[in-house]
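K.L.:
What shape does this take:
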Amino acid sequence: MAQAINEAKLREWMEKLGPRLITISTGICRDRHQAEEIVQEAFIKLWRSPPDAGEVAYTSWMRRVVTNLSINALKRTKRPGALPEFSQDPAMHSGDRPEAQRRVRERVDLVREALERLDPAKRTILVLRAVQGLSYDEIAEHLGVPIGTVMSRLNRARLALAEEMGAIERENEETGEAPAAYPFQEYRRA
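P.N.:
Next comes the predicted model:
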């Protein structure tokens, strides 16, 4: 049995992991308020029953708990919501020309809308890789699957994202809205 965590240590881990865990959960369940509740629930689980491997396992264990709780919450509610701001693109925040900023915003909006349309499993693996920056090994450990499975799931998720982005562009063209720039050309199917 693992050693219990005192309140001071729990607070330390909450400060250290909390923001990243909220980002993971928000990326999956698409609701910031719900994500905060999920992360709080995960920290309660950590406090009550920490992993047997001790503090070295807290980060990966908490990511797994938050991911699972987020997917379960999404399945229960089936509520659409807005995805968080994922853009780390300096063009969004720099003094670049307004036209360049507009194109970047359109691209970010296109990706966000396409992510919203994906099923939770595909959205989860993309969030873990692209937003959280986890390596294939870390994702494999996090999801409890072999690295080859991570690679194939990530590939399928990228293809699905590209298909959704193409569908959104076609819908925009049909409705007369300005199409956004397509950021993942290498994944686009002919």
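
K.L.:
Pull the contacting residues for the residue nearest the centre of the chain.
P.N.:
Taking CA atoms, centre = their mean as the criterion, V127 is the residue nearest the geometric centre of the chain, at 2.7 Å. V127 sits next to 24, 27-28 when contact means CB atoms under 8 Å, 6 or more residues apart in numbering. C-beta: built from backbone N, CA, C; applies to glycine.

K.L.:
ok, it to E169 distance?
P.N.:
Applying CB to CB, to the nearest Å, the value for V127 to E169 is 22 Å.

K.L.:
Show me the helices in this protein, by range?
P.N.:
7-29, 32-48, 58-77, 98-117, 120-126, 136-143, 147-175 (DSSP state H).

K.L.:
I'd like those laid out as JSON lines, including mean neighbour count.
P.N.:
Putting these into JSON lines (neighbours: other CB atoms under 10 Å) gives the following:
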{"stretch": "helix 7-29", "mean neighbour count": "18"}
{"stretch": "helix 32-48", "mean neighbour count": "18"}
{"stretch": "helix 58-77", "mean neighbour count": "19"}
{"stretch": "helix 98-117", "mean neighbour count": "17"}
{"stretch": "helix 120-126", "mean neighbour count": "21"}
{"stretch": "helix 136-143", "mean neighbour count": "17"}
{"stretch": "helix 147-175", "mean neighbour count": "16"}
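
K.L.:
Format those helices as TSV; extra columns: mean pLDDT.
P.N.:
Converted to TSV, the helices of the chain look like this (pLDDT from 0 to 100):
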stretch	mean pLDDT
helix 7-29	87
helix 32-48	89
helix 58-77	84
helix 98-117	81
helix 120-126	88
helix 136-143	84
helix 147-175	88
